[in-house]
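*Asks:* my questions concern the predicted model and sequence given below.
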Amino acid sequence: MASWVLSQSILRPLPRPTLTASSNITNTPSKFKPLQFNPIGSSSLNLSREKNWALKVSVPLNTQLLQKDNGDAVFDPGAPPPFKLSDIRAAIPKHCWVKNPWRSMSYVLRDVAVVLGLAAAAAYLNNWVVWPLYWFAQGTMFWALFVLGHDCGHGSFSNNAKLNSVVGHLLHSSILVPYHGWRISHRTHHQNHGHVENDESWHPISEKHYKNMDNISKVLRFKLPFPMLAYPFYLWVRSPGKTGSHYDPNSDLFVPNERKDVITSTMCWMAMAALLVGLSFVMGPVQLLKLYGIPYWIYVMWLDFVTYLHHHGHEDRLPWYRGKEWSYLRGGLTTLDRDYGWINNIHHDIGTHVIHHLFPQIPHYHLIEATEAAKPVLGKYYREPKKSWPLPLHLLGMLVKSFKQDHYVSDNGNVVYYQADPQLNGSLKSE
């Protein structure tokens, strides 16, 4: 059953850019001296990923470099990029912006058919060899449904707002997500990505707030598996340091003219919750738990796993911004693409995340091509994801490492990096 479901650019010659390190950087890994260059020459590109696209792109040759004391040049990810958002947009083929509602609906029909087929097969076979396979497969499919509803929220599903709303409500309500409440807060996340205070999801904790957290809060935030079960609680009470609820139309997440939308989505959520209660009387709570409850929590873990690693866990320390140093472009460039192996197709290429964050209206089925087209412009600001085995087990190590070292950021500075509390794991064990 599980097998059914889980069915370079080269730059020559070398540029010599003229740039210096960005100001207000806090907690940089090493001491650097600026290294200055002037550009010469041009670049020759050969792109390939499943298809070859002939591109004529103006490639910015300026690269942000710093010089270590030993003379080795390294890339500074916190420095302002030498290109504009419009340069990236111009590199993406025009057809990548076209939304095809029929194609989008075909993915919905495919995923719904798989969900219903899995449930029917598991209920029919009803043995303990099948159930664990079913839970993983169905939880993964619930996550795929979320991604399609996510596309509705961005408007990348179609140009028809009513179609997006109807499909988004059906998909998200079925997995207990308040569509409009989530859509609005997720829009806030995209508009403020990479900003220490204003970002909405998985944003860093300030040093002052971190030091005021009690041990239980630190366990829930940093001790696996608890962070991977956070999403339903985030919907109710948001992230540490923020107040409000995705279900409350009077929450400070929303402006007055959005309250009717929030009420509509909350009522849809309540209707789904009532349906599940009714089903528990019809089939029994244990059967409902096996068919829906456990897959629901697998889907929650997928969501937290994927969304966290799109903003954390890179081998290089990535910046977060405040004040005048933050911009939409610089914040978006701190996001990460990830390779999920067989899961890429199942969860609709959500791992191609950088271009999605910068241009969320591009349909998911054009994200790979758009990313390939943008790579020559992005240069070192694009971090090539590590290739995955059929299942993305390699990402588990990155997840564990990140939760051990990405604890808080400084209260001072407009370009800051995560810092680790060396006593965190030991102190939690000793409590």
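*Replies:* Nice, thanks for sending it over.
*Asks:* list the contacts of Ser402.
*Replies:* Neighbouring residues of Ser402 by CB atoms under 8 Å, 6 or more residues apart in numbering: Tyr308, Leu309, His312, Gly313. C-beta coordinates here come from the backbone N, C-alpha and C atoms, glycine included.
*Asks:* mind redoing it with 10 Å?
*Replies:* With contacts defined as CB atoms under 10 Å, 6 or more residues apart in numbering, Ser402 is in contact with Phe222, Pro227, Tyr308, Leu309, His311, His312, Gly313, His314, Tyr418.
*Asks:* do Tyr107 as well
*Replies:* Applying CB under 10 Å, 6+ apart, one finds that Tyr107 lies in contact with Ala144, Leu145, Val147, Leu148, Asp151, Phe157, His348, Pro363, His364, Tyr365.
*Asks:* now neighbour count too, for these, in JSON lines please.
*Replies:* Formatted as JSON lines, the entries for these read as follows, by neighbours: other CB atoms under 10 Å:
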{"residue": "Ala144", "neighbour count": "27"}
{"residue": "Leu145", "neighbour count": "23"}
{"residue": "Val147", "neighbour count": "20"}
{"residue": "Leu148", "neighbour count": "24"}
{"residue": "Asp151", "neighbour count": "29"}
{"residue": "Phe157", "neighbour count": "29"}
{"residue": "His348", "neighbour count": "22"}
{"residue": "Pro363", "neighbour count": "24"}
{"residue": "His364", "neighbour count": "21"}
{"residue": "Tyr365", "neighbour count": "18"}
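*Asks:* now go through those and say which are in helices.
*Replies:* Judged by DSSP state H, the contacts of Tyr107 include Ala144, Leu145, Val147, Leu148, Asp151 as members of helices.
*Asks:* now the helix or strand Ser265 falls within: average pLDDT?
*Replies:* According to DSSP states H and E, Ser265 maps onto helix 259-283. Along helix 259-283, the predicted local confidence has a mean pLDDT of 98.
*Asks:* what does that helix contact?
*Replies:* 123, 165, 168-170, 172-184, 235, 245-251, 253-254, 285-293, 296.
*Asks:* can you give me the helices for the stretch 251-400 of the chain?
*Replies:* Secondary structure of the stretch 251-400 of the chain (DSSP state H, counting those that start in this stretch): helices at 259-283, 285-288, 294-309, 328-332, 343-346, 353-358, 367-378, 394-405.
*Asks:* okay, the ones you listed, which one's buried deepest?
*Replies:* Among the helices of the stretch 251-400 of the chain, judged by mean count of other CB atoms under 10 Å, the one packed with the most neighbours on average is helix 353-358 (a mean of 24).
*Asks:* sorry, back to before: could I get the contacts of Tyr107 as TSV with pLDDT and distance to Asp214?
*Replies:* Output for the contacts of Tyr107, formatted as TSV (pLDDT from 0 to 100; distance: CB to CB, whole Å):
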residue	pLDDT	distance to Asp214
Ala144	98	37
Leu145	98	36
Val147	98	35
Leu148	98	39
Asp151	98	39
Phe157	98	42
His348	97	39
Pro363	98	44
His364	98	40
Tyr365	98	46
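*Asks:* closest one of those to Asp76?
*Replies:* Sorting the contacts of Tyr107 by how near they are to Asp76, with CB to CB, puts His364 at the top with 31.6 Å.
*Asks:* quick one: the closest one from Lys375, how far?
*Replies:* His364 sits at a distance of 18 Å from Lys375 (criterion: CB to CB, to the nearest Å).
*Asks:* count the neighbours of Gly153 for me.
*Replies:* Gly153: 22 surrounding residues under other CB atoms under 10 Å.
*Asks:* what score does it have for pLDDT?
*Replies:* Gly153 carries a pLDDT score of 98 in this model.
*Asks:* and what of Leu367?
*Replies:* At Leu367, the model reports a pLDDT of 98.
*Asks:* ditto for Tyr308
*Replies:* 97.
*Asks:* please verify my assumption that it contacts Arg221.
*Replies:* No: counting by CB atoms under 10 Å, Tyr308 stays clear of Arg221, with 11.4 Å between them.
*Asks:* overlap in contacts, the two.
*Replies:* Each of Pro227, Ala230, Phe403 lies in contact with both Tyr308 and Arg221 under the rule CB under 10 Å, 6+ apart.
*Asks:* closest to Cys96 among those?
*Replies:* Of all these, Ala230 has the smallest distance to Cys96: 33.0 Å, by CB to CB.
*Asks:* number of residues surrounding that closest one?
*Replies:* Burial of Ala230 is recorded as 20 neighbouring residues (other CB under 10 Å).
*Asks:* just how off-centre is stretch 279-298 within its chain?
*Replies:* The chain centroid and the centroid of stretch 279-298 are separated by 28 Å under CA atoms, centre = their mean, to the nearest Å.
*Asks:* again, but for stretch 166-178
*Replies:* 19 Å.
*Asks:* going forward can the numbers begin at 29, since that is how I track them
*Replies:* In the new count, where the first residue is 29, that last one comes out as stretch 194-206.
*Asks:* residues contacting the spatially most central residue of the chain?
*Replies:* The centroid of the chain falls nearest to Thr335 when counting by CA atoms, centre = their mean (3.6 Å). Taking CB under 10 Å, 6+ apart, we find Thr335 in contact with His214, His217, Ser229, Trp230, Ala258, Tyr259, Ile378, His381.
*Asks:* before we move on, what about His392?
*Replies:* Shown here is His392, whose contacts under the criterion CB under 10 Å, 6+ apart are 132, 135, 175-176, 178-179, 182, 184-185, 375-378, 380, 384.
*Asks:* OK, contacts around the closest residue to Asn220 other than its chain neighbours?
*Replies:* Sequence neighbours aside, Asn226 is the residue nearest to Asn220 in space, at 3.9 Å (criterion: CB to CB, 6 or more residues apart in numbering). When contacts are counted by CB under 10 Å, 6+ apart, Asn226 touches Thr216, His217, Gln219, Asn220, Tyr349, Arg350, Trp354, Gly359.
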